[in-house]
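In: Task: produce atomic coordinates for the following.
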Amino acid sequence: MRIEKPLLMSLLTIFSSLDILTTYVGISKGLAEDNIFLLSFGSEMFITMTILKISVIVLSYILLKKGYILPVLIVMAMMAFAVINNFTLLF
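Out: Okay, the predicted model is just below:
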């Protein structure tokens, strides 16, 4: 089975963006962030979260260029899980 690298990068970017968006919506509705690392940044939490997500996307791109697909699939699955978890909390 051949996995298309642009598709993986698109999905990873979409899941990352949805994670940030659903986290923002959840916090604005009164939910609390469970990630202790992000909470330690206080008011800069979303800036830190965005920088971390962009870093993950860039590192995933580099890994894909080198032919390492499994780590990218694992990160993508983790992001998808975070988005699904956020959606279940919101709705």
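
In: Low-confidence regions, the protein specifically.
Out: Residues of the chain meeting the criterion pLDDT under 70: 1.

In: show me where it has helices.
Out: Under the criterion DSSP state H, the chain contains helices at 5-28, 36-39, 45-65, 70-90.

In: so how far is the first one from its chain's centroid?
Out: With C-alpha atoms, centre = their mean, to the nearest Å as the basis, the distance from the averaged C-alpha position of helix 5-28 to the chain average is 5 Å.

In: how big is the angle separating it from helix 45-65?
Out: 170 degrees (axes from the mean of the first three to the mean of the last three C-alpha atoms, to 10 degrees).

In: So which elements touch helix 5-28?
Out: helix 45-65, helix 70-90 (3 or more C-beta pairs under 8 Å, 6 or more residues apart in numbering; DSSP states H and E). All C-beta spots, glycine's among them, are computed from the backbone N, C-alpha and C.

In: Save the helices of the chain as JSON lines, and put in mean neighbour count too.
Out: As requested, the helices of the chain are exported to JSON lines (neighbours: other C-beta atoms under 10 Å):
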{"stretch": "helix 5-28", "mean neighbour count": "16"}
{"stretch": "helix 36-39", "mean neighbour count": "11"}
{"stretch": "helix 45-65", "mean neighbour count": "15"}
{"stretch": "helix 70-90", "mean neighbour count": "15"}
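
In: Need the helices and strands packed on helix 5-28 in TSV (columns: distance to residue 34).
Out: Formatted as TSV, the helices and strands packed on helix 5-28 follow (distance: least, C-beta to C-beta, whole Å):
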stretch	distance to residue 34
helix 45-65	12
helix 70-90	9
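
In: And those: which comes nearest residue 8?
Out: With C-beta to C-beta as the criterion, residue 8 lies closest to helix 70-90 of the helices and strands packed on helix 5-28, at 5.6 Å.

In: who does the closest one touch, helix- and strand-wise?
Out: Judged by 3+ C-beta pairs under 8 Å, 6+ apart, helix 70-90 is in contact with helix 5-28, helix 45-65.

In: Export those to JSON lines and append columns for distance to residue 38.
Out: Converted to JSON lines, the helices and strands packed on helix 70-90 look like this (distance: least, C-beta to C-beta, whole Å):
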{"stretch": "helix 5-28", "distance to residue 38": "9"}
{"stretch": "helix 45-65", "distance to residue 38": "5"}
